[in-house]
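1. no FASTA, just this:
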């Protein structure tokens, strides 16, 4: 057992509440909690979704600009374009180590707002890149400063919401990603018609527009993002304060500025951490390809450059529908991992369609179905947010997963080469194998968590809802912590 910790968001004495409802009784929110839940959603989630929207679309700008003249104007060949895609994730990777520490030490709202403002300026500066070295340096810096966004938002979701609500909230964030593909395609299409305005080309306007928007959202985030359960921005009543404390007990995430090294050592020794991390990497190898190459691939089906950009909209739509489907299935069947595996198998079907059909615009169906992999990744993020307890351990789980996320995105574009055009059979076969490996790893992680649950339930005195979260115990240290499968 560790000593009780001091936190900056909660008084531990407030947590001396009556025992929660026994685990055998289905939990039902009171009317007061339902009102609080809606308040948290409407005051936190819109801004959180806008941040993830921009985080996705700011990466996607390179994809759209590629078919609007960037490669020609900057004299970039296919190998250099691959490096532009990967250099972003190299910066993303480098920042994960300091990000793990800074997340625990700094106010998250101020920290994330500052990152947004800086990366918005960098993105706008990419409009001036006219050679590989300039664009490569800016892409690295862009990835470096964007790297703190997902961990920050996901940590806040894990802190503000009950464990049973995580799938819905993470799903909403991923829907924002899908909308980024949809509206990004529209804005990219519109940018193609800005050629010559103020002396800028269409691809340059893409960077300028999204750079300005990102800086503005950064300012709003700095001042108005709710970054802890007792935030003044929630205007909590005394009754809501008590309900918040009960919710904190459920999600087992009390913020602590004390860095717990034993949390990290415990996590490193857990097989499920590595299953989650490598599954993330294999999923993102596919993502690394489609984030950079989807417009080019669609153009190879016989669509024009501008139409290839516009046809990113169905990809975004299927991403949104896929996330809605997994959110429903997860709540309906109380499953996370099996739902993730199902989504990945739908994505695998899309890859098989691309490989099986020799040519023609019907191949677009394959690229649409492939994007359901994002729904599987959404469930993986839910599994991590829900099943890692202890503040330092939770941050470490998310941070290390993002390292592997980054590696996958870095590796993904290098599967592609001009020699495999126009059908790209060898790269697609590689992406299919990665997809299936991710399914296997998620299944192994589920088996390990299920076995741990059985061991805990067999212990004398087990009581699932009896947890003192002010001790900052990890899920392994807490004898009453049960993993959600």
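-> Alright, I've got the coordinates. Please read these numbers as outputs of a predicted model, since none were measured by experiment.
2. From here on, just use CA atoms for contacts and neighbour counts.
-> OK.
3. Can you list the buried residues in the biggest helix by length in the chain?
-> Under DSSP state H, the helix in the chain containing the largest number of residues is helix 31-66. By neighbour count on 16 or more other CA atoms under 10 Å, the buried set for helix 31-66 is 33, 36-37, 40-41, 44-45, 47-66.
4. And for stretch 107-125?
-> 108-125.
5. Give the burial count for residue 81, as a bare number.
-> As a burial measure, residue 81 scores 22 neighbours (other CA atoms under 10 Å).
6. surely residue 119 meets residue 146?
-> Yes: the pair residue 119 / residue 146 is scored as a contact, 6.5 Å apart, by CA atoms under 8 Å.
7. Which pLDDT value belongs to the nearest residue to residue 283 once chain neighbours are set aside?
-> Leaving out its chain neighbours, the residue that sits closest to residue 283 by CA to CA, 6 or more residues apart in numbering is residue 435, at 6.0 Å. Per-residue pLDDT puts residue 435 at 90.
8. Enumerate every residue touching residue 435.
-> For residue 435, the contact set (CA atoms under 8 Å, 6 or more residues apart in numbering) comprises 282-283, 286, 344-345, 347-348.
9. Where does it sit: helix, strand or coil?
-> helix (DSSP: H, G, I helix; E, B strand; the rest coil).
10. if we can go back for a sec, dump the contacts of residue 435 to JSON lines, plus neighbour count, secondary structure and distance to residue 162.
-> Formatted as JSON lines, the contacts of residue 435 follow (neighbours: other CA atoms under 10 Å; DSSP: H, G, I helix; E, B strand; the rest coil; distance: CA to CA, whole Å):
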{"residue": "282", "neighbour count": "27", "secondary structure": "helix", "distance to residue 162": "29"}
{"residue": "283", "neighbour count": "29", "secondary structure": "helix", "distance to residue 162": "27"}
{"residue": "286", "neighbour count": "29", "secondary structure": "helix", "distance to residue 162": "31"}
{"residue": "344", "neighbour count": "27", "secondary structure": "helix", "distance to residue 162": "26"}
{"residue": "345", "neighbour count": "20", "secondary structure": "helix", "distance to residue 162": "29"}
{"residue": "347", "neighbour count": "26", "secondary structure": "helix", "distance to residue 162": "30"}
{"residue": "348", "neighbour count": "24", "secondary structure": "helix", "distance to residue 162": "32"}
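11. out of the residues you listed, who's nearest residue 210?
-> residue 286 (24.7 Å; CA to CA).
12. That closest one touches residue 431, doesn't it?
-> Yes: contact criterion CA under 8 Å: residue 286 and residue 431 qualify, at 5.7 Å.
13. Make sure residue 87 is actually in contact with residue 410.
-> Yes: between residue 87 and residue 410 there is a contact under CA under 8 Å: 7.3 Å.
14. In terms of packing, which of the two has more residues around it?
-> More neighbours surround residue 410 than the other of residue 87 and residue 410, with 27 against 24 (other CA under 10 Å).
15. Leaving out sequence neighbours, find the closest residue to the more buried one.
-> Once flanking residues are discounted, residue 410 sits nearest to residue 86: 4.3 Å by CA to CA, 6+ apart.
16. What is the burial count for that neighbour?
-> A count of nearby residues for residue 86, using other CA under 10 Å, gives 28.
17. pLDDT score for it?
-> If you check residue 86, the pLDDT there is 74.
18. Okay, it and residue 148: tell me how far apart.
-> Separation of residue 86 from residue 148 (CA to CA, to the nearest Å): 17 Å.
19. Quick one: name whatever helix or strand follows the strand or helix carrying residue 98.
-> Element membership for residue 98, per DSSP states H and E: helix 78-105. Using DSSP H and E, the helix or strand that follows helix 78-105 in sequence is helix 108-125.
20. ok now that following helix, how far from the chain's centre?
-> In terms of CA atoms, centre = their mean, to the nearest Å, the centre of helix 108-125 is set 18 Å apart from its chain centre.
21. same thing with stretch 123-137?
-> 26 Å.
22. Secondary structure element for residue 479, which one?
-> Judged by DSSP H and E, residue 479 forms part of no helix or strand.
23. Just the pLDDT for it.
-> Note on residue 479: pLDDT of 76.
24. helix, strand or coil for residue 265?
-> On the basis of three-state DSSP, residue 265 is classed as helix.
25. And the pLDDT for it?
-> pLDDT recorded at residue 265 is 84.
26. how close does it sit to residue 347?
-> 35 Å.
27. Please identify the buried residues of the helix holding residue 98?
-> 81-96, 99-101, 103-104.
28. and the gap between residue 426 and residue 350?
-> 15 Å.
29. More neighbours: these two, which one.
-> The neighbour count for residue 426 versus residue 350, taken as other CA under 10 Å, is higher for residue 350 (24 against 16).
30. mind checking which helix or strand that one is in?
-> helix 337-356.
31. Which positions in that helix come out as buried?
-> For helix 337-356, the neighbour count (16+ other CA under 10 Å) marks 337-348, 350-355 as buried.
32. Spatially central, which residue of this protein would that be?
-> Taking CA atoms, centre = their mean, the centroid of the chain lies closest to residue 150, which sits 5.5 Å from it.
33. if we can go back for a sec, need the worst-confidence member of the contacts of residue 435.
-> For pLDDT, the smallest value among these belongs to residue 286: 79.
34. By mean pLDDT, point me to the weakest helix or strand of the protein.
-> Least confident helix or strand of the chain, by mean pLDDT, DSSP states H and E, is helix 305-310 with a mean of 51.
35. Now for residue 220: which residues touch it?
-> Counting by CA under 8 Å, 6+ apart, residue 220 has contacts residue 113.
36. actually residue 334, not the one I wrote
-> residue 485.
37. Residue 381 versus that one, what's the distance?
-> 16 Å.
38. Do you have the helices of the stretch 101-250 of the chain handy? List them.
-> Using DSSP state H, counting those that start in this stretch, the helices found in the stretch 101-250 of the chain span residues 108-125, 132-146, 149-160, 166-191, 202-224, 238-251.
39. Residue 76: which of those helices is closest?
-> Residue 76 sits nearest to helix 132-146 of all the helices of the stretch 101-250 of the chain, at 6.3 Å, using CA to CA.
40. Return the list of helices and strands in contact with that closest one.
-> helix 78-105, helix 108-125 (3 or more CA pairs under 8 Å, 6 or more residues apart in numbering; DSSP states H and E).
41. Would you tell me which of the ones you listed gets closest to residue 440?
-> That would be helix 78-105 among those, by CA to CA, at 25.1 Å.
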